[in-house]
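Engineer: The amino acid sequence is not available; the structure is as follows:
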């Protein structure tokens with residue numbers, strides 16, 4: 001978590017390393033949309049308007 005916050009402080013893009021991708025890690029936010037987000041309990045896609053991205 002600290003590393004992720006440190007990267008944000010330096011203005012670096014939110015990206016995974018090759019090793020992280022190989023281990024199956026996925027980004028929570030692409031910086032633009034809520035694409036891929038779903039309900040925690042049902043895994044259904046979020047309803048339109050459930051979340052909003054501003055200044056993304």
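Structural biologist: Received the coordinates, thanks. Note that this is a predicted model, so its numbers are computed, not measured.

Engineer: And the next helix or strand past the helix or strand bottoming out on mean pLDDT in the chain?
Structural biologist: The helix or strand of the chain with the poorest confidence is helix 2-9; it has a mean of 51 (mean pLDDT, DSSP states H and E). Counting by DSSP states H and E, the next helix or strand C-terminal to helix 2-9 is helix 18-22.

Engineer: pLDDT score for residue 39?
Structural biologist: The model reports residue 39 with a pLDDT of 75.

Engineer: what residues are up against it?
Structural biologist: Residues in contact with residue 39 (CB atoms under 8 Å, 6 or more residues apart in numbering) are 45-46. (Glycine included, C-beta is placed from N, CA and C.)

Engineer: run the last query once more with 10 Å
Structural biologist: 45-47, 50 (CB atoms under 10 Å, 6 or more residues apart in numbering).

Engineer: cool, residue 42 as well?
Structural biologist: By CB under 10 Å, 6+ apart, residue 42 has no neighbours at all.

Engineer: so it, which of the three states?
Structural biologist: coil (DSSP: H, G, I helix; E, B strand; the rest coil).

Engineer: what are the phi and psi values for it?
Structural biologist: Backbone geometry at residue 42, expressed as degrees, to the nearest 10, gives phi -110, psi -10.

Engineer: Equivalent analysis for the one 5 residues further on, please.
Structural biologist: Phi and psi for residue 47, reported as degrees, to the nearest 10, are phi -70, psi 150.

Engineer: Burial check on it, number of neighbours?
Structural biologist: Neighbourhood size, residue 47 [other CB atoms under 10 Å]: 8.

Engineer: residue contacts, it?
Structural biologist: Here residue 47 is in contact with residue 39 (CB under 10 Å, 6+ apart).

Engineer: quick one: it from residue 34, how far?
Structural biologist: 11 Å (CB to CB, to the nearest Å).

Engineer: just for this structure, where's the confidence low?
Structural biologist: 1-12, 56 (pLDDT under 70).

Engineer: residue with max distance from the center of it?
Structural biologist: What lies farthest from the middle of the chain is residue 42; by CA atoms, centre = their mean that is 18.9 Å.

Engineer: Who are the contact partners of residue 37?
Structural biologist: With CB under 10 Å, 6+ apart, residue 37 has these contacts: 28-30, 45-46, 50-51.
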